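>>> okay, predicted coordinates and the sequence, questions at the end:
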Amino acid sequence: MPRKVILDCDPGHDDAVAIMLAHASPEVDLLAITTVAGNQTLDRTTLNARRVCSLAGIGEVPIAAGCDRPLLRELVTAGEVHGESGLDGVDWPDPTVDVGPAHAVDVIVDLVMAMPGEVTLVPTGPLTNVALALRREPRIAAAVREVVLMGGSFTRGNVTPAAEFNIYVDPEAASAVFTAGWPLTMVGLDLTHQARVTPEVLDRIGALGTPVATTVVQLMRFYGRGSAAQGGPPLHDPCAVARVIDPGLMTCRDAFVAVEIQGPWTRGMTVTDFAGRFGHATNAAVATDLSVPAFWDLLLDALGRLR
């Protein structure tokens, strides 16, 4: 039976591919796409979700806009990575898919509470919407099936030496999510940096020959500018969706993960204790190793279903 999924995202080049993967995979029943400020401002990330859905023929999945700023801090965006629009690299036509009237937080709460034990949350942006959903309805922590998030790391940062972007943008929200007591998988940079869009991968996508594939290649070329020396850009967000589709694609280790919210140099660091040194029970499965060929086969198969 397909897994019921809410994809909470901030599109973003890698979020765009995550949306396509979730929609095109028969293992996923995509209930809703909710948007949050992160890679760009909320108006732009929501417009980008509409653009991606219009391109990929995703007309029946509701889109709900959410929070336009972190819980307590000023918004930090990633325009240097994703461009002024958040999805630079393509001359986008006007979207044909609209955004719904409901707030993302309400959509998350209502869907989870309507189907207890069935809904998987897949956040791939800052965790503001998810934290506020917890605050509005604490019972979702027991009602959700699991949370599989893209964020954090146990060895590195990408916005600072210590912190990954999604957690850095709203560390208070991330702390609430990691301490909620629900089943949680952290798909962080240590895993996602294994999923690099190499020239060979770009060739495979381009060989699909569809309008969607052509657009994905254009997006990846913009997204990957300056990363050739590393073998190509890491495609972060689809890794979280892939974990839901096929958990066997990656190895995970249980750990206690705490989010640093006070350190002036370590804001947003996901302090990961695999050895129990802090004496706390584990609260996350932390993704460590990716089956790279199988991941790309999964993604290419999904993109091949989109025209």
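Sure, I can see it.
>>> what's the first-to-last distance across stretch 176-192?
End-to-end distance of stretch 176-192 (Cα to Cα, to the nearest Å): 23 Å.
>>> averaged over its residues, what pLDDT does it have?
Mean pLDDT, computed over stretch 176-192, is 98.
>>> now the residue nearest in space to the middle of the chain. Nearest residue, chain neighbours left out?
Centroid-nearest residue in the chain: residue 124, 1.7 Å away (criterion: Cα atoms, centre = their mean). Nearest non-adjacent residue to residue 124, counting by Cβ to Cβ, 6 or more residues apart in numbering: residue 237, 3.9 Å away. All C-beta atoms are positioned from the backbone trio N, CA, C, and that covers glycine.
>>> okay, now the one you found: neighbour count?
Residue 237 has 33 neighbours, counted by other Cβ atoms under 10 Å.
>>> so it sits in a strand?
No: assigned with DSSP: H, G, I helix; E, B strand; the rest coil, residue 237 falls outside any strand and is helix.
>>> what sits against it?
Going by Cβ atoms under 8 Å, 6 or more residues apart in numbering, residue 237 touches 9, 12, 14-15, 17-18, 124, 150.
>>> show me which of those residues is closest to residue 84.
Using Cβ to Cβ, the shortest approach to residue 84 within the contacts of residue 237 belongs to residue 12, at 13.1 Å.
>>> am I right that that closest one is in contact with residue 82?
Yes: between residue 12 and residue 82 a contact is recorded at 5.6 Å, counting by Cβ atoms under 8 Å.
>>> any residues in contact with both of the two?
Joint contacts of residue 12 and residue 82 (Cβ under 8 Å, 6+ apart) are 39-40.
>>> what separates the residue nearest to the centre of the chain from residue 114, distance-wise?
23 Å (Cβ to Cβ, to the nearest Å).
>>> for residue 108, same thing?
Counting by Cβ to Cβ, the separation of residue 108 from residue 114 is 11 Å.
>>> try residue 73
Distance of residue 73 to residue 114, given as Cβ to Cβ: 32 Å.
>>> same drill for these two, tell me which one is more crowded.
Using other Cβ under 10 Å as the criterion, residue 73 and residue 114 rank with residue 73 on top: 15 against 11.
>>> residue boundaries of the strands in the stretch 151-300 of the chain?
Along the stretch 151-300 of the chain, counting by DSSP state E, counting those that start in this stretch, strands occupy 184-187, 250-259, 270-273, 284-290.
>>> and the stretch 1-150 of the chain, by the same measure?
3-9, 28-35, 63-65, 119-123, 146-150.
>>> can you redo the ones you listed as TSV with mean neighbour count and distance to residue 272?
Shown next, in TSV, are the strands of the stretch 1-150 of the chain (neighbours: other Cβ atoms under 10 Å; distance: least, Cβ to Cβ, whole Å):
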stretch	mean neighbour count	distance to residue 272
strand 3-9	26	22
strand 28-35	24	27
strand 63-65	23	32
strand 119-123	26	18
strand 146-150	25	14
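>>> list the beta-bridge partners for the residue lying closest to residue 274 once chain neighbours are set aside.
Nearest non-adjacent residue to residue 274, counting by Cβ to Cβ, 6+ apart: residue 255, 4.7 Å away. Here residue 255 sits in beta bridges with residue 284, as judged by DSSP bridges.
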